[in-house]
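Student: Fold the stuff below for me.
(one chain, ligands or ions: 1)
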Amino acid sequence: MQTAVLGAGSMGHGIAQVLAMAGHDVTMRDVDDERVADGVDTVRSNLQKGVELGKVSEAERDATLGRLTGETDLDAAVGDAGLVVEAVPESMDLKQSVFEEVDAAAPGDCLLATNTSSLSVTELASSVSNPERFVGAHFFNPPHLMDLVEVIRAEQTADETETRLVEMLEDAGKTCVVVEDFPGFATSRLGVAIGAEAIRMVEQGVADPAAIDRAMVEGYNFPVGPLELTDRVGLDVRLHILQYLREELGERFRPPALLKRKVRAGKLGVKSGEGFYRWEDGGRVDTE
Ligand SMILES: NC(=O)c1ccc[n+]([C@@H]2O[C@H](COP(=O)([O-])OP(=O)(O)OC[C@H]3O[C@@H](n4cnc5c(N)ncnc54)[C@H](O)[C@@H]3O)[C@@H](O)[C@H]2O)c1
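Tutor: Okay, the predicted model is just below:
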């Protein structure tokens, strides 16, 4: 199927890779040539790593790259699409304006999916005509390695839309969990709740971050502790989600003062080199 992925950033290029590997002809659209080229280069290097690890054949790598095209023109990207997956930055205004443009340029029966991690899918669906073809497809980072896609039903989503999307994702090797459109869905809501409580425990001096993380890894089989995960996701991203969930669901999502202080100091986690831990080239540099 002709598929468009909007945004070639952290999530967009990974989603484009997953869909191209599953046999879709994918056009990945971003706002300038450099970002498009960066996205395609990252897919190429991920596939090459897959070849070196024996997980992807050379033929599969070449066929996947053959099905992936970069584009800066929106009309060209979505004009013949049967599926559009949006992965632009997490802003209601930006995403709504992108979907208004898509609505005007894409075929009327094209499935429209958003990769938002917290915004109302129902409100986003309201920006298109035929909103019954609109649905949330919340991939996890990195999309080519993480199996789960949380499928979010907007108030307007038709059963057929959910079924078609789930089939496509399962064909691409993903595991789907379908949830209704409530703030934070299932994963972001529980993920930030645990992360925020862990931060409050650091504030109160219960233990240091490494000890709290180790307790959850060893005691609850978490693959990564909640504070290390906060560093990986980005402290600013988690703060933003907490602020939104506090507005929508109440005071139990009040952001911890320590999180706000670190974000104000530019300590955003892996991407800035420091959060609850220190980071260099994606690896933790502080030893426990
Ligand atoms: N990063 C994560 O771990 C993660 C996980 C799950 C979901 N998400 C969600 O995925 C979405 C994208 O996040 P990201 O981390 O990939 O962001 P990112 O900043 O890495 O990438 C966003 C890309 O979108 C591009 N862009 C901006 N406006 C555009 C437009 N009009 N058309 C096409 N491209 C445009 C930007 O140039 C950028 O390259 C957000 O909604 C985010 O909440 C992120």
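Student: Just give the number of residues close to Pro89.
Tutor: The number of residues packed near Pro89 is 8, by other CB atoms under 10 Å. C-beta here means a position set from N, CA and C on the backbone, and glycine is covered the same way.
Student: Where does it sit, in terms of helix or strand?
Tutor: In the assignment (DSSP states H and E), Pro89 maps to no helix and no strand.
Student: State the pLDDT value of it.
Tutor: On the pLDDT scale, Pro89 is placed at 91.
Student: could you list every residue that touches it?
Tutor: 7, 9 (CB atoms under 8 Å, 6 or more residues apart in numbering).
Student: Can you tell me how far it is from Val263?
Tutor: Here the criterion is CB to CB, to the nearest Å. By it, Pro89 lies 17 Å from Val263.
Student: Please apply the same query to Ser117.
Tutor: To Val263, Ser117 is 17 Å away according to CB to CB.
Student: ok, now Tyr277?
Tutor: Tyr277 is 16 Å from Val263, by CB to CB.
Student: before we move on, what about Val233?
Tutor: Val233 is 12 Å from Val263, by CB to CB.
Student: joint contacts of the two?
Tutor: Shared contacts of Val233 and Val263 (CB under 8 Å, 6+ apart): none.
Student: For Tyr277, which non-adjacent residue is closest in space?
Tutor: Counting by CB to CB, 6 or more residues apart in numbering, the nearest residue to Tyr277 once its immediate chain neighbours are dropped is Arg284, at 5.1 Å.
Student: beta partners of that neighbour?
Tutor: Trp279 (DSSP bridges).
Student: all helices for the stretch 101-250 of the chain, in order.
Tutor: Using DSSP state H, counting those that start in this stretch, the helices of the stretch 101-250 of the chain run over 121-125, 159-171, 187-204, 209-220, 226-233, 235-249.
Student: can I get these in TSV with mean pLDDT?
Tutor: Shown next, in TSV, are the helices of the stretch 101-250 of the chain (pLDDT from 0 to 100):
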stretch	mean pLDDT
helix 121-125	98
helix 159-171	98
helix 187-204	97
helix 209-220	98
helix 226-233	95
helix 235-249	93
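Student: What is the burial count for the closest residue to the ligand within the stretch 101-250 of the chain?
Tutor: Closest approach between the stretch 101-250 of the chain and the ligand, counting by CB to the nearest ligand atom: Asn141, at 3.4 Å. By the criterion of other CB under 10 Å, Asn141 has 13 neighbours.
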